[in-house]
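Asks: below is the sequence, then the predicted model.
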Amino acid sequence: MNDHDAGVAKGFGVGDLRHVEVGGRGLVIGRNKDGYFALADTCPHQGSRLSDGTLIGTPVAISSGHIKYDREGMILRCPWHGWEFDVESGHSLCEPDRSRVAAYQVREEVGRLIVQFP
């Protein structure tokens with residue numbers, strides 16, 4: 001795995017999404033309460049930039065007939081048609097075994113965002 005500098009971390013707030021070009025790849029880098037994440041910035045449905053989307057949560061069943069809104073900031077919704085992706089794995093919520101975007105490790109190091117991929 002190789003490290004790639006994706007820009008400055010300063011001013012990157014929780015809930016922010018940013019399009020970056022790193023190592024010839026278009027990525028969306030985002031930040032939620034758990035830290036930073038990076039995904040390929042193209043929705044597999046019709047090619048929208050996911051960096052123009054919204055970080056949300058999702059309903060989760062807690063028992064039969066009861067749901068709660070959970071995982072706030074862990075789901076990225078495509079701006080065009082509402083496809084939703086888990087920011088940790090890149091898997092689609094509706095078809096996790098068939099539809100996904102690439103997910104990459106990202107960390108902050110000396111004020112810079114570092115993305116790791118082959």
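Replies: Thanks, I have it.
Asks: the longest strand seen in the chain packs against which elements?
Replies: Looking across the chain with DSSP state E, the single longest strand is strand 66-77. Here strand 66-77 touches strand 25-32, strand 54-63, strand 84-86, going by 3 or more CB pairs under 8 Å, 6 or more residues apart in numbering; DSSP states H and E. From N, CA and C alone the C-beta is placed, and that goes for glycine too.
Asks: show residues contacting that strand.
Replies: 14-15, 17, 28, 30, 32-34, 39, 50, 53-62, 83-88, 93 (CB atoms under 8 Å, 6 or more residues apart in numbering).
Asks: reformat the helices and strands packed on strand 66-77 as CSV; add mean pLDDT and distance to residue 109.
Replies: Converted to CSV, these look like this (pLDDT from 0 to 100; distance: least, CB to CB, whole Å):
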stretch, mean pLDDT, distance to residue 109
strand 25-32, 97, 14
strand 54-63, 93, 23
strand 84-86, 98, 25
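Asks: of all those, which one is nearest residue 46?
Replies: strand 84-86 (14.1 Å; CB to CB).
Asks: just checking, what packs against that closest one?
Replies: When contacts are defined as 3+ CB pairs under 8 Å, 6+ apart, strand 84-86 packs onto strand 66-77.
Asks: can you pull the pLDDT of the residue nearest the centre of the chain?
Replies: The centroid of the chain falls nearest to residue 87 when counting by CA atoms, centre = their mean (3.7 Å). Residue 87 is assigned 98 on the pLDDT scale.
Asks: ditto for residue 96
Replies: 89.
Asks: now for it, how many residues are close by?
Replies: 13 (other CB atoms under 10 Å).
Asks: is it within a helix or a strand, and which one?
Replies: For residue 96, there is no enclosing helix or strand under DSSP states H and E.
Asks: gap between it and residue 85?
Replies: From residue 96 across to residue 85, the span is 9 Å (CB to CB, to the nearest Å).
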